[in-house]
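Enquirer: take this sequence and fold it.
(2 chains)
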Amino acid sequence: MTALAVSYRLDLVTVPTLLRVENGVEVDRREGWLREQWEELTGIAGLGADLPEYRVLRMLAGTTRAAEELVAVVPPDLVPATVEKVAVNAVLAGRKPEYLPVVLAAVEAACTDAFDMHGLLATTYFSGPVVVVNGPIPPGDPDERRHQRARAGQPGQRDHRSGAAAGDAQRRRRSTGRDGPGGVGQPGKLPFCFAGDEEGSPWEPLSVSRGAPPGRSAVTLFAGDGVRGIADQISRTPESLARSFALVLRTVGHPKLPLGFDACLLVVRPEHARTFRAAGWSRDRLLTELTDLLRLLGEEIVRGAGGIAEGAPEKTVAATGRPTHAEVPAGRTADRACR
Amino acid sequence: MSRVVLDPTGERGVAERERPTRPASLDGLRVGLLDISKPRGDVFLDRLAQRLAERGIEVTRYRKPTPAKPPPVDLRHEIATHCDLVIEALAD
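Expert: The predicted structure follows:
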């Protein structure tokens, strides 16, 4: 029976509601948050130690940072957010204390000038913060962590608590900083967070490439929109795969707006990574090849070309000749260590 | 009985500022035209600049580096220092 069905059968309209049942028959009930009433009904002293105010304290145990420490000033209203405030939101998002450092790091990174959360909240485009988690968080069994990471490698899958935690808590930060209107929504605006498969990857962790010390847990934030799959089951050479990637990457935003949508987050799945590993391609090599493959002819992307009014402005095309479509990953990203 | 309420929100009211009074005339005022860098905002502002020039009104052009961020502090300061009013263009 679903939770909703239980609520309907028992005529529950308030959370929480406590029922006293004797011989299968309800004899009393209490609705609301007054602990004294719960104790009166149940005869249990201190009932509800798992409720929010306690859960926030438990959440705070997940970090060494002081509760009153300022994490970030959250746009667009520029509201100061303390560790405790983030913890309250993390509790509401249903997260585990051991992942609080991920959430804190994500909030911190989101509120940097480089990431520009203001623009992300104010735009009518449907992008949202994508959080990539690297490093040995949570502490514990590496095999279990790898298993979690493998599952978390599919954005949108909510099993991985740090993933959903950072995503949900990010979204909740907007309740703190105030969300703006969007022209259109997409599900990735909420829990778009995943971890890199570091044990299985042919390359060093993304965080290390971006300057974090090896072995240190860190988050990388990227302002992205929805997930777009790249289906290539035939390529067995890195050259062929890179061409497939480049072709799909051209469609981000609009194939004729390379200067407006010049960044993407490319996730290379294990079966494709195997091909790059076997051929000895580094991540830098792939990026270099993609950059070359994504050099486009100005005459093909200028406004009006192909019978499409949208496109690169005439003066831009004239100035650059062959604008580069994408460097991967670039654009609006920010990094922060977890602590 | 003591109860602790933990507020997940910003707990702060949004600052509200009075809008300045709309000037009765632009004569003698220094007007700034701020292009926020959206496509074709310049088309709109070019036309405004032309119309204002015809009326003998002094116009200074400004441009945000990107529409995605608030204007840099120094740009805001420059506009506030050198203009009596600013017209900000959003276009697509």
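
Enquirer: thought B:V59 was touching B:V31?
Expert: Yes. Using Cβ atoms under 8 Å, B:V59 makes contact with B:V31 at a distance of 5.2 Å. For glycine as for every other residue, the C-beta is placed from the backbone atoms N, C-alpha and C.

Enquirer: got any residues that touch both of the two?
Expert: B:L52 (Cβ atoms under 8 Å, 6 or more residues apart in numbering or on different chains).

Enquirer: can you pull the contacts of A:G185?
Expert: By Cβ under 8 Å, 6+ apart, the neighbours of A:G185 are A:F126.

Enquirer: next one: it from chain B, what distance?
Expert: Separation of A:G185 from chain B (Cβ to the nearest Cβ, to the nearest Å): 19 Å.

Enquirer: and for B:P8, the neighbour number?
Expert: 21 (other Cβ atoms under 10 Å in any protein chain shown).

Enquirer: check A:V102 too.
Expert: 31.

Enquirer: my guess is it contacts A:A337. True?
Expert: No. The criterion here is Cβ under 8 Å, and A:V102 misses it with A:A337 at 10.5 Å.

Enquirer: need the residues touching each of those two.
Expert: With Cβ under 8 Å, 6+ apart, A:V102 and A:A337 have common neighbours A:S217.

Enquirer: can you show me the strands along chain B?
Expert: In chain B, the strands defined using DSSP state E lie at B:31-35, B:59-63, B:85-89.

Enquirer: okay, the ones you listed in a markdown table with mean neighbour count, mean pLDDT and distance to chain A next?
Expert: What follows is the strands of chain B, written out as a markdown table (neighbours: other Cβ atoms under 10 Å in any protein chain shown; pLDDT from 0 to 100; distance: least, Cβ to the nearest Cβ, whole Å):
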| stretch | mean neighbour count | mean pLDDT | distance to chain A |
| --- | --- | --- | --- |
| strand B:31-35 | 20 | 95 | 13 |
| strand B:59-63 | 16 | 95 | 14 |
| strand B:85-89 | 16 | 89 | 14 |
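
Enquirer: in TSV, list those along with distance to A:L18.
Expert: Putting the strands of chain B into TSV (distance: least, Cβ to Cβ, whole Å) gives the following:
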stretch	distance to A:L18
strand B:31-35	59
strand B:59-63	62
strand B:85-89	56
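
Enquirer: who wins for proximity to A:K256 among those strands?
Expert: With Cβ to Cβ as the measure, strand B:31-35 is the member of the strands of chain B nearest A:K256 (22.2 Å).

Enquirer: okay, angle between that closest one and strand B:85-89 too, please.
Expert: Counting by axes from the mean of the first three to the mean of the last three Cα atoms, to 10 degrees, strand B:31-35 lies at 20 degrees to strand B:85-89.

Enquirer: partners of strand B:31-35, with directions?
Expert: strand B:59-63 (parallel), strand B:85-89 (parallel) (DSSP bridges).

Enquirer: could you export those as TSV, including distance to A:A5?
Expert: Below are the strands paired with strand B:31-35 laid out as TSV (distance: least, Cβ to Cβ, whole Å):
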stretch	distance to A:A5
strand B:59-63	59
strand B:85-89	54
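
Enquirer: and A:L41, which of those strands is closest to it?
Expert: Closest to A:L41 of those, according to Cβ to Cβ: strand B:85-89, at 60.2 Å.

Enquirer: so how far is chain B from A:I234?
Expert: In terms of Cβ to the nearest Cβ, A:I234 sits 39 Å off from chain B.

Enquirer: and that residue, that's in a strand?
Expert: No. A:I234 is assigned coil when assessed by DSSP: H, G, I helix; E, B strand; the rest coil, not a strand.

Enquirer: and for it, the neighbour number?
Expert: With other Cβ under 10 Å as criterion, A:I234 counts 8.

Enquirer: residues in contact with it?
Expert: So A:I234 contacts A:S240 (Cβ under 8 Å, 6+ apart).

Enquirer: backbone dihedrals for it, please?
Expert: A:I234 has phi and psi values of phi -100, psi -40 when expressed as degrees, to the nearest 10.

Enquirer: then A:D292?
Expert: Dihedral angles (degrees, to the nearest 10) for A:D292: phi -70, psi -40.

Enquirer: and for A:E31?
Expert: phi -110, psi 140.

Enquirer: which residues of chain B fall in helices?
Expert: Along chain B, counting by DSSP state H, helices occupy B:41-54, B:73-82.

Enquirer: quick one: average confidence on stretch A:49-57?
Expert: For stretch A:49-57, mean pLDDT is 75.

Enquirer: centre of the chain to it, how far?
Expert: Relative to its parent chain, stretch A:49-57 has a centroid offset of 25 Å by Cα atoms, centre = their mean, to the nearest Å.

Enquirer: can you check stretch B:69-85 too?
Expert: 8 Å.

Enquirer: what about it, how long is it end to end?
Expert: Chord length of stretch B:69-85, first to last residue, is 21 Å (Cα to Cα, to the nearest Å).

Enquirer: pull out the buried positions in it.
Expert: By 16 or more other Cβ atoms under 10 Å in any protein chain shown, the buried positions in stretch B:69-85 come out as B:K69, B:P71, B:I79, B:C83.

Enquirer: and the last one, how far is that from chain A?
Expert: The span separating B:C83 from chain A equals 23 Å under the rule Cβ to the nearest Cβ.

Enquirer: what pLDDT does the model give that residue?
Expert: B:C83 is given a pLDDT of 95.

Enquirer: ditto for the third one
Expert: Predicted confidence (pLDDT) for B:I79: 96.

Enquirer: what about it, distance to chain A?
Expert: As judged by Cβ to the nearest Cβ, B:I79 and chain A stand 19 Å apart.
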